[in-house]
Structure formats: C-alpha cells, structure tokens
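J.: Sequence isn't available, so here's the structure alone:
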C-alpha cells in the first residue's frame, strides 16, 4: 500500500479541517508530513519553492462566478497573499503566498460569498468543468450548467467520493464548439442526440478514461452510452464509485481510471456500471459536436436579445489582484456582474447590452487585456512553472510570453495556433493537445546546464482527437524562438490537422472583424509577482 493510501486509512482526510485552528496557532512547521497531504483535501498546498507559504485552489464549477466572488479573491490575495492570481486550465483560481495563520479567516471570507476550496486536490473529484458560455451561446446544443451544478452539489463534501484511488476529472458540456479538452478527462459528457422509440432526445454521450500526465495522453474512450439530463447525477455518481471500488491502489502513477479501462475494456466497464444502476443504459447517440474549436475569445452575440459577451485573454492565466478586481468592476458596470472562466485561461464578461458595448470596449482594462489577440497569443497556455511548483523543472509563464512576443514580431501573418507549455511530464499546461506543445526540462549544453524544452506538434481534442508528436528534443530556451520561426510556417494548423470535409469557420455570431484590429502581443500585459510588463 502506498503512503497516501496508508494515511487515508488512518483518518478521513476531510477531518483535517478540525485541526486548522491549531495549525494557525502553532505555525506551519508544526504540521506533520501526513497532515500536509491531508490539507490538500481542502485545497491547501504547501509548496516547496515557497517554504511556509501556501497556495489555495478555489473551486469554480463550470467556471461560473460573479463580481463579488472575484472581488473577494482579489482582496484576499492583496491582504493575505502575494498579490498574484492564476486562472487554471480547469476553470479554477489559485491564490498564492498565504500563511497558515491566516487561513481560518481566508476560509471565512470565501464562505461569505459562496466559495470553497474543498476537494480541489488529492484523491477527489476535482473541479467539474463546463462550457463557460453555457446558457448564452446561440449555437449550443443544450445548457448543461444546471446538471453540472447538481452533480457538484452531490459530490462536494460527500465522503462517499473522497477516497478515490487517484484524482478524478469530470467535464459536462452542451457546447458544440469543443471549447474543452474532453478527451483528456476521466469522465466527459459531450452533446449528443438519440433517435429511438421514445422520439428525438438531446442529451450526452459518455467518454471515459482520458488523461494526461503519467504515461502520456490517453484519449478518452467512447463508453457507447447515452444519458439524458435527468440521468446525469445518478449515472456519473455510480460510474465514479465503480472506479472507487475497482481502481488500483498500488502504484500511484498507474491508478487513474484510464488503467482500469485498459484492463477491463469498455464493454466490461459498461456492464459493471449497469449492474450498479440495476438497469440497462441506452447506447450512444449522434455526436453533435462540430469540427471547430472555440476559445470564446472576442465579442459574440448571446441568445438573449440585444446582449453580448466579451471574452478577454488573460495571457498564460496570470494576473495581479488589482487588475482582477478592476475586471470585476467592469463586469458590474457594463454587465450584470456575472463572470465566466474558460479552460483557455479566458475571462468572459456576459450580458453587455448593445447600447453600451462601444463604451465598454473603450475601458482601459479591455484595451490592456485584449478581446482580439493575435495568432500566437490567442491560445497561449502555461502551467505554473518552477517559481511556485516543485515538480516543474523550468519557469514557464514568463518564458511563454517572451517567446510569443518574438514570434508575433517575426511571424505576423501566421494563422492562429495553440501553443501550450508544461514545466514537467504532469502536463498541467496540456502540451500534448496543442498545435505546438513545449515540455520543460533541464539540459546540458557544453559544460553548462540550462533551461530547455522538447517540442511537440499536431495535438488536438474534439471529434478527431490526436496526440501531439515529439519532433525535437533538448532545445535550449535561449534559441527556441529562432527554432520555432523555422518550423511554424511549415506546420500550420491546416497541415497538422487535415480533416476531410472540414469547413472554415465564419464565426457568424461574432461581432466585428479582428483582421482590421491586428495588434502586437507586446501590447498584452503579463504579471510576474504582481508587476505588469506594460
């Protein structure tokens, strides 16, 4: 039995909350190694690069939040942390530089606005992802936000789901535009339609066993199951518990659902799930996703009359607390206070009326955080990097921006591409699903050890998923822009992703054309330790 399984047998990890006040009185050095692990059940992470300081990962189901919550997180970061906030690829928010002495007060402030960090780490169902423009997008197949919230409420704080063999990632979306990396999830529900004796029904097809990280990218398998919105909570719950009761608990790098699916096969797993439910499940319907991918960046019409949403790019997901609070105020002033976070590290301000849209776009923060980013910056994603994460081998966020700036200046006519950085094989930057994926490492050049990367190309998710292929190894970061300049023109997205019958997107619901407003990425701000590069 591995160490984490041993500590779970000794004590239910949710009980660690009872010790928080004592930890706050006695200080971080009084916390045992086992209790440091248990604190992850409440989203509290003691990071090796910052001794004595904690990161809190806040649960934001579906990326759906509001100005009051965002304002509170910004104030917590300013008053108790280091003023730096990260928006993650799971639609969460991470606060850094917090002391254990302050965590009881921080938790109270979060609770006052309906926020929690529970079950955002270790062997739990992590933040449930959803389409960030659910209920807004005129093209969506169905609005899945209510069933997503139902499932989250069922799992959050429920000890039935807090002793899984490993972490468990879930995504539920009715978006046809593949705005999520569904194929990387342990469990993903994608929009579908089934026609049978009951008529035409819209619901979800079920994918299982996707993952990144240890062992690489495993593309989630179709389970050949169709579920209606009314069935989601029951079926997903029993599916997760099937994994809980049958997944391996030995070598942690081989404990994900993917390994159980590989061992059993999809048919046996489906039979086991049906036995637990006590009934047969409908076979999969027609996948209603299209061949396009949208990051919901830009200005788009909503299904609500005379309303628009503005999707702005938070470059590599990092922003100062002051700027985050400012954007919350923009959402209140020009929208109705709602804010949405996307897996592409985009912040979306919905419900901006036609009559004030022009005024909103003149706000200084919307000129700083662009809604019309250019080619490379449009889908530039990065993990945290080694300034905060002990697993990362190199600093990723600032390097990602530096490389993008240079590429934007030399490759101005390049079509939009996705460029994702991961600082280690855990793949938190999702580098294996990008047009260009960069995996950080330390390499030897002559007698000197320097930051370097392996370069991957051609990854994608959606209806035609594909794992990126490694094309170069041990490229020093200092020469990386020059190397990519030679590669990118000959590896456009169309060449990397030839799909028969794919039609070029015309973005019919998008307001305005970005071609006339092309900008250089060096106009995009980037925050390091709370200081903007602007």
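T.: It's in. Values in this document were obtained by computation on a predicted structure and should not be read as measured data. Residues are numbered from 1 along each chain as shown.
J.: Every contact and neighbour count from this point should use C-alpha atoms.
T.: Will do.
J.: for the stretch 201-350 of the chain, what spans make up the helices?
T.: 232-246, 257-264, 266-277, 321-334 (DSSP state H, counting those that start in this stretch).
J.: Give the buried residues for the last one.
T.: Applying a neighbour-count criterion of 16 or more other CA atoms under 10 Å, one finds 321-332, 334 buried in helix 321-334.
J.: Out of these, which is nearest to residue 68?
T.: Of all these, residue 328 has the smallest distance to residue 68: 7.5 Å, by CA to CA.
J.: The spatially closest residue to that closest one that is not a sequence neighbour: neighbour count?
T.: Closest residue to residue 328 apart from its sequence neighbours, by CA to CA, 6 or more residues apart in numbering: residue 67 at 4.6 Å. Neighbours of residue 67 under the rule other CA atoms under 10 Å: 23.
J.: right, and residue 67 touches residue 335 too?
T.: No - the pair residue 67 / residue 335 is not scored as a contact, 10.0 Å apart, by CA atoms under 8 Å.
J.: need the helices of the stretch 201-350 of the chain in CSV with distance to residue 138, can you?
T.: Output for these, formatted as CSV (distance: least, CA to CA, whole Å):
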stretch, distance to residue 138
helix 232-246, 23
helix 257-264, 34
helix 266-277, 34
helix 321-334, 21
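J.: circling back: nearest to residue 77, of the buried residues of helix 321-334?
T.: Taking CA to CA as the measure, residue 77 lies nearest residue 321 of the buried residues of helix 321-334, at 6.2 Å.
J.: follow-up on the earlier one: highest average neighbour count across the helices of the stretch 201-350 of the chain?
T.: Scoring the helices of the stretch 201-350 of the chain by mean neighbour count under mean count of other CA atoms under 10 Å gives helix 321-334 as the most buried, with a mean of 20.
J.: elements contacting that one?
T.: Helices and strands touching helix 321-334, by 3 or more CA pairs under 8 Å, 6 or more residues apart in numbering; DSSP states H and E, are helix 67-80, strand 338-341, strand 346-353, helix 354-361, helix 364-368.
J.: For those, give me a markdown table that also has mean pLDDT and distance to residue 122.
T.: Listed next are the helices and strands packed on helix 321-334 as a markdown table, based on pLDDT from 0 to 100; distance: least, CA to CA, whole Å:
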| stretch | mean pLDDT | distance to residue 122 |
| --- | --- | --- |
| helix 67-80 | 98 | 22 |
| strand 338-341 | 98 | 23 |
| strand 346-353 | 97 | 26 |
| helix 354-361 | 97 | 41 |
| helix 364-368 | 95 | 36 |
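J.: wait, which of these is closest to residue 182?
T.: Residue 182 lies closest to strand 338-341 among the helices and strands packed on helix 321-334, at 16.4 Å (CA to CA).
J.: Pull the distance from the closest one to the chain's centre.
T.: 14 Å (CA atoms, centre = their mean, to the nearest Å).
J.: Repeat that for stretch 194-205.
T.: Its chain's average C-alpha position is 30 Å from that of stretch 194-205, according to CA atoms, centre = their mean.
J.: Start at 59, not 1
T.: Yes, from this point I'll number from 59; that puts the last item at stretch 252-263.
J.: Point to the helix or strand of this protein where mean pLDDT is at its lowest.
T.: The weakest-scoring helix or strand in the chain, judged by mean pLDDT, DSSP states H and E, is strand 585-586 (a mean of 35).
J.: any weak-confidence spans in this protein?
T.: For the chain, applying pLDDT under 70 flags the ranges 471-473, 550-592.
J.: quick one, domains of it?
T.: Following the assignment in automatic domain parsing, the chain carries domains at 61-170, 203-345, 356-431+565-590, 437-554.
J.: want to throw these into CSV with distance to residue 177?
T.: Shown next, in CSV, are those (distance: least, CA to CA, whole Å):
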stretch, distance to residue 177
domain 61-170, 5
domain 203-345, 7
domain 356-431+565-590, 19
domain 437-554, 18
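J.: sorry, back to before: tell me which of the helices of the stretch 259-408 of the chain lies nearest to residue 241.
T.: Closest among the helices of the stretch 259-408 of the chain, once you apply CA to CA, is helix 315-322, at 11.4 Å.
J.: Give me the contact list for that closest one.
T.: For helix 315-322, contacts defined as CA atoms under 8 Å, 6 or more residues apart in numbering pick out 226, 244, 266-269, 276, 278, 301, 304-306, 327.
J.: Buried ones only from these, please, as a PyMOL command.
T.: A single PyMOL command selects the buried members of those (16+ other CA under 10 Å):
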select buried, resi 226+244+266+267+268+269+276+278+301+305+306+327
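J.: Spatially, which two of the contacts of helix 315-322 are the most separated?
T.: 276 and 304 (19.4 Å).
J.: Which of the helices of the stretch 259-408 of the chain sits closest to residue 117?
T.: Across these, closest to residue 117 is helix 379-392 (CA to CA), at 17.0 Å.
J.: tell me the contacts of residue 108?
T.: Residues in contact with residue 108 (CA under 8 Å, 6+ apart) are 155, 446.
J.: Confirm that it lies within a helix, as I assumed.
T.: No - read with DSSP: H, G, I helix; E, B strand; the rest coil, residue 108 is coil and lies in no helix.
J.: List phi and psi for it.
T.: Residue 108 adopts backbone torsions of phi -130, psi 70, taken as degrees, to the nearest 10.
J.: Next, work out how far apart it and residue 139 are.
T.: Distance of residue 108 to residue 139, given as CA to CA, to the nearest Å: 12 Å.
J.: who touches both of these two?
T.: Common neighbours of residue 108 and residue 139 are listed as residue 155 (criterion: CA under 8 Å, 6+ apart).
J.: about what we covered before: residue 194 is nearest to which of the domains of the chain?
T.: Nearest to residue 194, of the domains of the chain and by CA to CA, is domain 356-431+565-590 at 5.0 Å.
J.: Out of the contacts of helix 315-322, which sit inside strands?
T.: Those of the contacts of helix 315-322 mapping onto strands are residue 266, per DSSP state E.
J.: Between the contacts of helix 315-322, which sits nearest residue 529?
T.: Nearest to residue 529 out of the contacts of helix 315-322 is residue 276 (CA to CA; 19.0 Å).
J.: so who does that closest one touch?
T.: 241, 242, 267, 268, 269, 270, 316.
J.: and the second one, how many neighbours?
T.: I take that to be residue 242. Taking other CA under 10 Å as the criterion, the count of residues near residue 242 is 28.
J.: how near is it to residue 343?
T.: Taking CA to CA, one finds residue 242 at 21 Å from residue 343.
J.: ditto for the third one
T.: Plainly put, residue 267 is 19 Å away from residue 343 if you go by CA to CA.
J.: Mind checking what secondary structure residue 215 has?
T.: Following three-state DSSP, we place residue 215 in the coil state.
J.: which SSE is the residue nearest to it when sequence neighbours are not counted in?
T.: Among residues not flanking residue 215 along the chain, residue 176 sits closest, at 7.1 Å (CA to CA, 6+ apart). For residue 176, there is no helix or strand it lies in under DSSP states H and E.
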